[in-house]
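**Student:** attaching a predicted model along with its sequence, questions to come.
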Amino acid sequence: MDRLLDLFSIVAIVSGAFFFLAGSVGLLRFPDAYTRLHALTKADNLGLALVVIGLLPQVDGVLAGLKLVVVWLLVLLSGAAVSQLIARAARRREKQT
Amino acid sequence: MTGGIVSLAIVLLLLALALWAVLVRDAFLAIAGFVAYGLLLSLVWVRLYGIDVALTEAAIGGGLTGAMLIGAVARLRGTEASSRSERSGVGLHILALLLSLGLAATLALCVMVLPDPAPTLAPQVSQNMAVTGVGNPITGVLLAFRALDTLLEAIVLVIGLIGVWSLAPDRFWGGRPGLRHEADPDGILAYFARLLPPLGIIFALYIFWAGADHPGGKFQSATILAAMWMLVLMAGLADTPRIGHRGLRVGIVIGPLAFIAIGVLGLFSAGALLAYPEEWAKPMIVVVEVALLPTLTLILGLLLAGPPLRFDRGSAA
């Protein structure tokens, strides 16, 4: 059972890391601010979610697991809000030029 | 082995970011590098088991200092073009290079000749921790064994704030710091500034209270509270207070004053300045921390807000 949980953790964290890698590549390669934000938020949402899910079987106690989930939710919230703000600022700049 | 590779990668990244922050021409990009540098440095502290230092580095070194520097860059935007056209001579460049290399070499030499094992007071601290009544040795050092340093640190912050305020034009003395922020009241920023502060306040109080026995404490907590305040200000949900406001001034000096009062009390009750009578150490430390929390929050927030620029609630006059 433990072996199985470890395997689950490894698979989840590695796929989370893949989303971070893809997000970073997108950030560097995509042509404009909006698509770059799109790449970045995917890394935040899915990448971090997968890493957190992968870590959940490894923590001891429900409280530590809850903390991890709260961390994910907070990053989700700030990522969503900040990407909106950045996109709005980019749009305003576009309109000016 | 993997730990070594991770450490090496972090060090290389740190060096690259430091070089970037120094070499890049655009001031805003340099600060972006500096903030990333601060966050990475806090990772280094985590790896060295200095969680308290890591928290402070992330909050103050990366977050607060970064925000202050961005404010400074925004003010300097107008002068950037003229400063760029000024080219300093080759001699000056070489002199600066030699001076920095000399400083780096001296520092490296000092670190290399440190005796091994390094002289440490850690055993004495851990032996005497029980006297203080707190469980986190960092808190014990900051508020009991080296309380004088912490007191002077708090006073330095007050003086720093007075320094910022002294940049105010005479006619706005006593007025409100910074510009009034306008934001769409139904926009995402206002929504965020309504949603996050309650969570932030709970988190800050938790870090504050946990500081007695775990990493955390008043400084990290005050930084989070100041950040929540900034968020509310930037969303235009509240305005900065007039710096002439009596309650504000009381809040700014209450921490150091309470600290000094308890220190003087120690002169009579425990025989030394800033000494705590036994049995009373923990409650007194708590009183000092509680008094320092509003002081630090106000000062950190007001340092970011800058000198007073207006009186009215509207935009700058």
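**Tutor:** Happy to help now that I have it.

**Student:** and the helices in chain A?
**Tutor:** Assigned by DSSP state H, the helices in chain A fall at A:2-29, A:33-42, A:48-55, A:62-96.

**Student:** what does the stretch 151-300 of chain B give?
**Tutor:** Residue ranges of the helices in the stretch 151-300 of chain B, as given by DSSP state H, counting those that start in this stretch, are B:188-210, B:218-234, B:246-269, B:281-305.

**Student:** looking at those helices, which is closest to B:E80?
**Tutor:** helix B:281-305 (21.4 Å; Cβ to Cβ). For the C-beta atoms, the positions are set from N, CA and C on the backbone; glycine is no exception.

**Student:** gap between the closest one and the chain center?
**Tutor:** The chain centre lies 12 Å from the centre of helix B:281-305; the measure is Cα atoms, centre = their mean, to the nearest Å.

**Student:** can you tell me the strand partners of the helix or strand just after that helix and which way each runs?
**Tutor:** Per DSSP states H and E, the first helix or strand lying C-terminal to helix B:281-305 is strand B:308-310. Applying DSSP bridges, strand B:308-310 is found paired with strand B:176-177 (antiparallel).

**Student:** show me the one of the helices of the stretch 151-300 of chain B that comes nearest B:F34.
**Tutor:** Nearest to B:F34, of the helices of the stretch 151-300 of chain B and by Cβ to Cβ, is helix B:281-305 at 16.0 Å.

**Student:** what mean pLDDT does the closest one get?
**Tutor:** Helix B:281-305 carries an average pLDDT of 89.

**Student:** report the buried residues of that helix.
**Tutor:** Of the residues in helix B:281-305, B:281, B:284-285, B:288-289, B:291-305 count as buried by neighbour count, 16 or more other Cβ atoms under 10 Å in any protein chain shown.

**Student:** in the worst-scoring helix or strand of chain A on mean pLDDT, what counts as buried?
**Tutor:** When the helices and strands of chain A are compared on mean pLDDT, DSSP states H and E, helix A:33-42 comes out lowest with a mean of 86. Of all the residues in helix A:33-42, those buried under the rule 16+ other Cβ under 10 Å are A:A33, A:R36, A:L37, A:A39, A:L40, A:T41, A:K42.

**Student:** how near is the fourth one to A:G54?
**Tutor:** From A:A39 across to A:G54, the span is 21 Å (Cβ to Cβ, to the nearest Å).

**Student:** for the closest residue to B:G255 other than its chain neighbours, list the residues it contacts.
**Tutor:** Using Cβ to Cβ, 6 or more residues apart in numbering or on different chains and skipping the chain neighbours, the partner closest in space to B:G255 is B:T295 (3.0 Å). By Cβ atoms under 8 Å, 6 or more residues apart in numbering or on different chains, the residues touching B:T295 are B:A154, B:L157, B:V158, B:G251, B:I252, B:V253, B:I254, B:G255, B:P256.
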